[in-house]
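Chemist: Following is a predicted model, sequence given first.
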Amino acid sequence: MHKPRQDSSDFAPAAGATRRDFLGMALAGCAGGLFSASFAGCGGTNARTVCNRRVRDAHTGAVLALAAAPAGTLLASGGEDALIKLWQLPDGALVSSLAGHLGSVTAVAISPDGTLLASAGVDATIKLWNLADGSLRTSITGHAGGVTCIAFSPDGRILASGGADATVRLWNSANGSSLVPPLAGHALGVTALAMSADGTYLVSAAQDLTFRLWSVADGSAIAAIPVDAAITALALSADGTLMASGGAGDGVTLWTMPASSPAGALAPISGSIRALAMSPAETTLASGGSGGVVQLWRLSSGKEAHEIRDHSVSADASLGAAANSPAAASVTALAVVPPAGTMLITASDDRSIRFWQLSDGKYLGSADDPAMPLHTVVSFSC
């Protein structure tokens, strides 16, 4: 009888175990059957990575948000399990879990100086945490519905938020006080925010088929741009001159900013885009969405450089379905780790967080599984 394929993350070697011991443990699980074993890198040809490995759950529900600290040594994640988790980079070891939201954590952001964490949730609150010790500094209320997106200004003094109540709000990040009246203009819920690198303007996108530009200084409206489909993800370049937007059914559009004029388009595989991330050097754009595929794009040419299909198979695929039988996993969040921008982190509703080399999509490991070899996959057919 053919048994499900298993990989190295299904076996945890004891402390001090050698590779020979590890292999023996794994083969013991195939007692009574024929086996073939090999050490190999992830499968795939040309510019495609297909690993279908099983990794530990980072959260007990879908992972909905990611944010990397400016120094590149810490990652924050938010999940459907109402938790914020802090992970050590680059090895993915769990540092701590922060509890306080009464429902899914939909967005996380880390201040530019790396001292403050902001989280937002379906409970209509924003929470500010001290990263040094994980203590809660303050809770912010004001939105009339779930808070969907947040973004710090470059100097860290202002936190912007967008909500299901169709408003954008600007807060003093030191004490959580409101800076200006709610920025009203969207007719439906706000889905994405992006702050310009110089801190002069804020971009918000909403389900009303528009994105809008606002002055950060006083909250005044600058422009409203109609689009053909609702935007669910935004990414601004480090110099603020290029923006990528993605949503349902229209791929990824590039915009010259702040003029908001179209500058090109990309055609991702995913049916809808849920996450975008741009490298600090503005050379590469990562996109991910409902198909569970992450695509890496060279912005100079607008051409795809690599595909990562690891999230297109359920985290539980190795327990039942064949490795090439896709499940409906979606890529929910992306983060490029500063300052070098060489690592891409992906999150999914398959409950996993995975690390990749941005240049070529090489697999580097996963959150909460730091003890396993990073570049070795052991496959068994029993």
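Modeler: Thanks, I have the structure now. Numbers count the residues shown, from 1 in each chain.
Chemist: Pop out the phi and psi values for Asp310.
Modeler: Phi and psi for Asp310, reported as degrees, to the nearest 10, are phi -60, psi -30.
Chemist: residues near Pro262, how many?
Modeler: 11 (other CB atoms under 10 Å). Yep, even glycine has a C-beta here, placed from its N, CA and C like the rest.
Chemist: er, Met195 actually
Modeler: 23.
Chemist: so how far is Ala132 from it?
Modeler: 24 Å (CB to CB, to the nearest Å).
Chemist: Kindly report the same for Ser272.
Modeler: Counting by CB to CB, the gap from Ser272 to Ala132 is 38 Å.
Chemist: Can I take it that His311 is in a helix?
Modeler: Yes. Under DSSP: H, G, I helix; E, B strand; the rest coil, His311 falls within a helix.
Chemist: ok, now how distant is it from Val203?
Modeler: Counting by CB to CB - His311 and Val203 are separated by 27 Å.
Chemist: Kindly report the same for Pro262.
Modeler: 15 Å.
Chemist: hang on, the earlier thing: for His311 and Val203, indicate the residue with more neighbours.
Modeler: Just comparing His311 and Val203: by other CB under 10 Å the higher neighbour count belongs to Val203, 29 against 25.
Chemist: and that one, bridged to which residues?
Modeler: Ala194, Leu213 (DSSP bridges).
Chemist: Contacts only, for it.
Modeler: Contacts for Val203 (CB atoms under 8 Å, 6 or more residues apart in numbering) come out as Leu193, Ala194, Met195, Ser196, Phe211, Arg212, Leu213, Trp214, Leu234, Leu236, Met243, Met257.
Chemist: which one of Ser272 and Ala132 has more residues nearby?
Modeler: Ser272 (19 against 9).
Chemist: Setting the sequence-adjacent residues aside, check what's closest to the more buried one.
Modeler: Spatial nearest neighbour of Ser272, chain neighbours left out: Ala248 (4.2 Å); criterion: CB to CB, 6 or more residues apart in numbering.
Chemist: Tell me the confidence at the one you found?
Modeler: Ala248 is assigned a pLDDT of 84 by the prediction.
Chemist: from memory it sits against Ala230, does it?
Modeler: Yes. Assessed by CB atoms under 8 Å, Ala248 is found in contact with Ala230 at 5.8 Å.
Chemist: Please say which of the two ends up with more neighbours.
Modeler: The neighbour count for Ala248 versus Ala230, taken as other CB under 10 Å, is higher for Ala230 (21 against 16).
Chemist: Do I have it right that the more buried one meets Ala206?
Modeler: Yes. The pair Ala230 / Ala206 is scored as a contact, 7.3 Å apart, by CB under 8 Å.
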